[in-house]
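Colleague: Make a model of this:
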Amino acid sequence: MKRNMKQWVADVIRQKEVMAVPVMTHPGIEQNKHTVREAVSDGRVHAEAVVWLTQHYPCAAACTIMDLTTEAEAFGAEIAFSDIAVPAVSSRLLPDAESIYRLQVPALSAGRIPAYLKANLLAARAINDRPLFAGCIGPFSLAGRLYDMSEIMVLIYENPDAAHTLLQKCTDFIMKYCMALKLTGANGVVMAEPAAGLMSNDDCKTFSSQYVKRIVEAVQDDNFIVVLHNCGNTGHCTEAMVATGAAAYHFGNKCRMEEVIREVPPTALAMGNIDPVSVFKDGIPSQMRTAVIDLLEKTKGYPNFVLSSGCDTPPHTPLHNIDAFFKALAEYNQQ
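Modeller: This is a model prediction of the structure:
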């Protein structure tokens, strides 16, 4: 459904109540009696999980699966699938720098890209009361999955020309993919760029932010926004994140939200950062309540704060913890 997302962002900032956009899809998959493997392979199963969550929780926006293998698979990477865990890249696609120059940017018909486009199309048709955020990987994180994460950290220093060539190819594909996601009716995209947090702020600008910015400038407009997620950021590269010009920034639990939010422009959303594993998945409701109230108190001076998970909530996250998350938020908002 087409909507003015610049106005949506402004409305979220202007209203008194704090809004919540946890990044979660797996609880919907499980409640619909499907496996992770089915959801990441079948667009209809994926969409039905997203719709289930919108029917049961007052999220300010719906989110599709945060899958950091979809684009790598399209390039030709081998992926390991599981019924109970998120997919993972199982082997390095590019063995050396020379192979980077031979790498071809794939078509949108490659791998599971069509299944993800279908998921967003079906979800966008079914969800009319809030924005829908698609998902994609960031350029540096994709490059690391194709070249190997440890190896690319060496490559950016030993052969920056090859690194930039790979990053440009990754950017070209992600940009093309985001444009296609936009056409499905999605209102924005959560771009997961966690590997950028492994670099210094300056290197993050050079090998991540400048490429993310190109994508932002190509796809972000009144009706479609980019939410840049970097759960690898401990606070050291927030400046580089903000340099991208994204409309929203999503932070992981490794950083102090009350500190990183100071660097986010007041007209952009700052989202985060309840621990998705130790609190959402492995915690208990009382622990969730304490974590949510504490975070809300620490960020109460920032109208642009949006309560969220620090990353995608993992498979087998119990519903009672999600219930406690929203109950604590409602309790805080009633004060």
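
Colleague: Give the full set of residues in contact with G310.
Modeller: By C-beta atoms under 8 Å, 6 or more residues apart in numbering, G310 lies in contact with 231, 251-254, 272-276. All C-beta spots, glycine's among them, are computed from the backbone N, C-alpha and C.

Colleague: now do I261
Modeller: Taking C-beta under 8 Å, 6+ apart, one finds 270, 299, 302, 304-305 in contact with I261.

Colleague: okay, the residues you listed in TSV with neighbour count and distance to I13 next?
Modeller: TSV is the format used below for the contacts of I261 (neighbours: other C-beta atoms under 10 Å; distance: C-beta to C-beta, whole Å):
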residue	neighbour count	distance to I13
A270	25	10
T299	20	13
Y302	17	9
N304	21	5
F305	24	9
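
Colleague: what's the most distant pair in those?
Modeller: Taking C-beta to C-beta as the measure, these reach their widest spread between T299 and N304, a distance of 9.3 Å.

Colleague: tell me, what's touching those two both at once?
Modeller: Taking C-beta under 8 Å, 6+ apart as the contact criterion, the common neighbours of T299 and N304 are 261, 270.

Colleague: re earlier: just among the contacts of G310, which is most surrounded?
Modeller: Each of the contacts of G310 was scored for neighbours by other C-beta atoms under 10 Å, and F251 scores highest at 28 neighbours.

Colleague: any idea how far that one is from V212?
Modeller: F251 sits 15 Å away from V212, going by C-beta to C-beta, to the nearest Å.

Colleague: Which of the contacts of G310 fall within strands?
Modeller: Secondary structure of the contacts of G310 is defined by DSSP state E; positions in strands are 251, 272-274.

Colleague: any chance of those in CSV, plus pLDDT and distance to V242?
Modeller: Listed next are those as CSV, based on pLDDT from 0 to 100; distance: C-beta to C-beta, whole Å:
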residue, pLDDT, distance to V242
F251, 98, 12
G272, 95, 14
N273, 97, 16
I274, 98, 22
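
Colleague: And the furthest pair within those?
Modeller: Across those, the two members that end up farthest from each other (C-beta to C-beta) are F251 and I274, 10.7 Å apart.

Colleague: Give me the residues contacting the longest helix seen in the chain.
Modeller: Of all the segments assigned as helix in the chain under DSSP state H, the longest by residue count is helix 160-183. By C-beta under 8 Å, 6+ apart, the residues outside helix 160-183 that reach it are 71, 74-75, 94, 97, 100-101, 103, 105-106, 108, 113, 116-117, 120, 134, 136-140, 142-143, 146-147, 152, 155-156, 189, 191, 207, 211, 214-215, 218-219, 224, 226.

Colleague: Thanks a lot, see you next time.
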